[in-house]
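Chemist: Provide a 3D model corresponding to the input given below.
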Amino acid sequence: MERETPSDEQQGRTPSLGRLRVDAAVAPVGIDTARPRFTWEVRSETPGTTQRWWRITLEDDHGRVVWDSGQHDDPLPWAMPADDLDLVPLRRHRWSLTVGVVAPGDATAVLDAQAELTTGPAEDADWDSARWVGRPARRGPSGAAPGSPRARAADGSLAAPVVRHTITVVEPPVRALLVLAAGGHAVARIDGVPVSDAVLEPSTTQWDRRVQTVVHDVTALLGPGPHEVSIELGRGFHGMTNANVWSWERATWWGEPCVRALLRIERPDGGVDVLPTGRDWQVRGGPILLDDLYGGEVVDLRRGPGGPLEPRSEPVALVDGPAGRRVVRREQPVRVTETLGATSVAEPVPGEFVITFPRVVAGWVRLVPPGPAGTTVTIRYGERLRPDGLPNADDEKHYFQDGFQTDVVTGDGSARPWESTFSYKGFRYVQVSGWPTPEGPRVEDVVARVAHTDAPRISRFAVDDPLLQWIHDATLVTMENNLQGYPTDTPKYEKNGWTGDAMVGADMFLTNLDAAPVFTKWMGDLADTASPGHPPALIAPNAGFFGIDEQAPVWHSALVLVPWDLYRHTGDTAVLVEHWTTISDYARFELGRSPGGIADTILGDWVAPGTDPGGGNPPEDSHVPATAFLVRILDVTGWIAEVLGHDDDAAWFAARADEVRAAFVDAFVVRTVAPSGSGDGGEAVVRGPEDAGYRQSHAVLALAFDILRDPELVRLVADGLAADVRAKGDHLDTGAVGTKWLLPVLSDHGHVETALAIARQTSVPSWGAWREAGATSMFEHWDLAARSHGHFFLGTVDDWLTGYVAGLRPAAPGWRRILVDPRCTASVRSASFAVRTPFGPAWVAWEHEGDDLVLRVGVPVGATAEVHVPAPTTGEPRVVEVGSGEHLFVAE
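Modeler: Numbering: from 1, shown residues only. Okay, the predicted model is just below:
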């Protein structure tokens, strides 16, 4: 029996508009797209309400209409101009949205709302007048020269430059905007006050292809009177001095930190004053003697403004600057999102104080440097403790030439707190050396500053199983730690945008966080590494040397699969349009170097159980995962072509995908037919000639990518996979690739309880084993000796937790159609999941109440849902179609 009733508070509520955004941002400052994307939510708690039409008008700062969309009969809550808009740069615009909605019974309403946007800079006279400036070249070896950067930093030759200029404001400005681009990172200040709460900006890009520009509204900082505008510059990956295995110190774009900036002030009389960077600016070395994203910072606060060691200023040098084209930042900035207090202070070694924080984080610490001026403390960061009780602030793999996760701070005797400016670390434990008093720091003296791309959480998951809840919570904070202007692979060790990691993780990032802007930005980074006849690099951004022209379709597939995931979650085709040529060129290239449709890869099911805790491929035939991913690459490229209306391409890629399917089955599927009359269907195994035993991931990929097609073959392979899991004591045997699809595949083919047994396992290899060992985040390897305790790619089981345990998944692009299908209701007492979709919040909540199973579903206006109402114990679910509103089902 089913019952569906709206709550009392829903009835009689009027519809409204909310969450007006442009290019995924609220009232953005600095958009530079000629065809911005406008989005909104229609809110109504009357079930069945739908949007019928919309209209947008856009006015400039003088109230003139510069675009009128006209009325569009369209139920989707997003819109883009059909043609490019010619908008005046660096101006405020107001957009007005009118929407017509209809409720059951033909009750109609017209809704109105307004919001603002500010355009970014253009290549006009104002911006052209700004020059790239930096510090004059130092005598002696360059910043990229060999030798210890820390030793060379003592003379100030590597110090972070501070460029500055003074201005006088006569009247309070109507508006003032500061535009800047940097080779490296930059902190802009007016009279010593940061112009924003963003850190480590602009984001890292392929500086020879794209240079990110940021725009800040600084009106509130410019009252009448004199002001100093200063910009402190950090190296980032643009001017790294520390030799490392990824060759950042010799990047094709390498250069000393530099900046190009423009301050634009609109006066009350209608005039405009501009202050561009140029020869009339001054520069000095600041208190940061050395900054390194991997190594940390060396700081002498006595070199700060007014300090006894403050260097003298000199005229700036005009420099070439990065060669890439200018783009305005569209993703959220990196910010300090949380300040964590310490939980304890210990002294495992005399004079060495270890401070513990509640969990592994990305960021740095803040403290007041102790003692009189000239006192130096050293701060080392680690994710775990060594046997001697000190943090593992170690470069165990010898990735770097000089220094790792270490800040050295010399105080100026003041009570001003210090924190890192141009580096971040992955840590839970901090070792402080050189504290001037024997009792050491108090627990309240040092706090952790958690920093990552400020992509807000858009989901909420709850389950009555403590282990499953822990897996989700630990995965979520691990994802956040690894968003640093692009998805990274550990905040401690590499900080690189590995393609395979992002490929398996994109779904859960986009489900749980407002991560579409940062993944869209990263797709630009990745596409910048590809060219006709050359695959994308293994990491992006990329210095130009590591992971170039490799054969790794499992990892390269990110170029195809991540844009598709973005489209699935947002409904936005822009990323598909932008990268279509690069995507299709790569797909053809990968097929062309796969003779007979059989591909190969240097990176397979990375970090499967039994591999080195630092990483490695399992003993598998690499042709199997490579060919499976070739099928997926061709399939998805064909789907993208279909969405974009490239019908001939869609047909071509679909045909090629089927040819590779046939080659896969012929080469890698071994079927044993049972004797006649035995009643047994036999067995089927996905196996490569070079496999060392059964590989779970091979079966997983064949099933997840719909390679087998024959229903009986599918059943046999799925049953064999479940049997292998049971034979291994309900343990998985998959690495970063297979783990993503393992539990969904088992659940989709009749083995939900086997999937649940894997998730609930507490011995190695399992998530439960990490939890038993005291983990607060995802490890990089199933082995408890894993290199990193801050890596997300084994946490992709979260796709299963939200989509199968709670039971909420997108069934059409942009969540226009929603699948509600909880699978674990027989063995879990309750679960819920809510997510903000492009249409608005969608949610599911189910629980056992006595002998009944109660299922509640929320569907946003404009979307529909296919609801699978589970049987209370066993039996097939009942399928119900519902529209917007809240729905209650009781299975008795």
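Chemist: which regions of this structure lie under the pLDDT threshold?
Modeler: Within the chain, the ranges that satisfy pLDDT under 70 run 1-13, 125, 139-147, 675-680, 872-874.
Chemist: walk me through the domains of it.
Modeler: Under the assignment automatic domain parsing, the domains of the chain span 16-119, 125-326, 335-453, 459-806, 807-892.
Chemist: most packed of those domains?
Modeler: Most buried of those by mean neighbour count (mean count of other Cβ atoms under 10 Å) is domain 459-806; its value is a mean of 21. C-betas here are computed from N, CA, C, even on glycine.
Chemist: distance between the ends of that one?
Modeler: End-to-end span of domain 459-806 (Cα to Cα, to the nearest Å): 12 Å.
Chemist: same question, stretch 157-177
Modeler: Distance across stretch 157-177, first residue to last, is 32 Å (Cα to Cα).
Chemist: from the middle of its chain, how far away would it be?
Modeler: 32 Å (Cα atoms, centre = their mean, to the nearest Å).
Chemist: now do stretch 703-710
Modeler: Using Cα atoms, centre = their mean, the offset of stretch 703-710 from its chain centre is 29 Å.
Chemist: just stretch 376-394 next, same as before
Modeler: 27 Å.
Chemist: start to end distance for it?
Modeler: End residues of stretch 376-394 are separated by 21 Å (Cα to Cα).
Chemist: thought Ile471 was touching Gly795?
Modeler: Yes. At 7.2 Å, Ile471 and Gly795 qualify as touching, with contact defined as Cβ atoms under 8 Å.
Chemist: what do the two both touch?
Modeler: Common neighbours of Ile471 and Gly795, using Cβ atoms under 8 Å, 6 or more residues apart in numbering, are Trp767.
Chemist: you'd agree Ala188 is in a strand?
Modeler: Yes. Looking at Ala188 with DSSP: H, G, I helix; E, B strand; the rest coil, it is inside a strand.
Chemist: and it, what is it in contact with?
Modeler: Ala188 makes contacts with Leu178, Leu180, Pro194, Val195, Ser196, His216, Val229, Ser230, Ile231, Ala261, as judged by Cβ under 8 Å, 6+ apart.
Chemist: again with Ser832
Modeler: Contact partners of Ser832, counting by Cβ under 8 Å, 6+ apart, are Arg460, Phe461, Ala462, Val463, Ala806, Trp843, Val844, Ala845, Trp846.
Chemist: between the two ends of stretch 779-795, how far is it?
Modeler: So stretch 779-795: terminal residues 9 Å apart, Cα to Cα.
Chemist: look up phi and psi at Val272.
Modeler: phi -130, psi 130 (degrees, to the nearest 10).
Chemist: do the same with Arg175
Modeler: Per-residue torsions, Arg175: phi -160, psi 140 (degrees, to the nearest 10).
Chemist: what residues does stretch 704-712 touch?
Modeler: Taking Cβ under 8 Å, 6+ apart as the rule, stretch 704-712 contacts 628-629, 631-632, 635, 661, 664-665, 669, 681, 701-702, 714, 717, 741, 744-745.
Chemist: same check, this time on stretch 313-324
Modeler: For stretch 313-324, the external contacting residues (Cβ under 8 Å, 6+ apart) are 131-137, 163-164, 181, 183, 205-211, 238, 253, 255-256, 258, 260, 277-279, 281-284.
Chemist: taking those residues one by one, which sit in strands?
Modeler: Those of the contacts of stretch 313-324 mapping onto strands are 133-134, 163-164, 181, 183, 210-211, 258, 260, 282-284, per DSSP state E.
Chemist: can you give me the helices in the stretch 401-550 of the chain?
Modeler: Remark: helices assigned in the stretch 401-550 of the chain by DSSP state H, counting those that start in this stretch are 466-481, 499-512, 516-527.
Chemist: CA atoms of the last one as CSV?
Modeler: Extracted C-alpha coordinates of helix 516-527, given in CSV (Å, rounded to 0.1, in the frame of the first residue of the first chain):
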residue,chain,number,x,y,z
ALA,A,516,31.2,22.4,-10.9
PRO,A,517,33.1,25.8,-11.2
VAL,A,518,36.4,24.4,-10.1
PHE,A,519,36.1,21.2,-12.2
THR,A,520,35.2,23.4,-15.2
LYS,A,521,38.3,25.5,-14.6
TRP,A,522,40.4,22.3,-14.3
MET,A,523,39.0,21.0,-17.6
GLY,A,524,40.6,24.1,-19.1
ASP,A,525,43.9,23.2,-17.5
LEU,A,526,43.7,19.6,-18.8
ALA,A,527,42.7,20.6,-22.3
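Chemist: sorry, back to before: can you list the contacts of Ala188 in a markdown table and add secondary structure and distance to Thr406?
Modeler: Shown next, in a markdown table, are these (DSSP: H, G, I helix; E, B strand; the rest coil; distance: Cβ to Cβ, whole Å):
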| residue | secondary structure | distance to Thr406 |
| --- | --- | --- |
| Leu178 | strand | 33 |
| Leu180 | strand | 29 |
| Pro194 | strand | 25 |
| Val195 | coil | 29 |
| Ser196 | coil | 28 |
| His216 | strand | 31 |
| Val229 | strand | 32 |
| Ser230 | strand | 27 |
| Ile231 | strand | 26 |
| Ala261 | strand | 31 |
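Chemist: which one of those is nearest to Phe519?
Modeler: Ser196 (22.5 Å; Cβ to Cβ).
Chemist: tell me how far that closest one lies from Thr356.
Modeler: In this view, Ser196 and Thr356 are 32 Å apart by Cβ to Cβ, to the nearest Å.
Chemist: same question for Lys495.
Modeler: For Lys495, the distance to Thr356 equals 23 Å [Cβ to Cβ].
Chemist: for Gly70, same thing?
Modeler: 61 Å.
Chemist: please apply the same query to Thr204.
Modeler: For Thr204 relative to Thr356 (Cβ to Cβ), the value is 31 Å.
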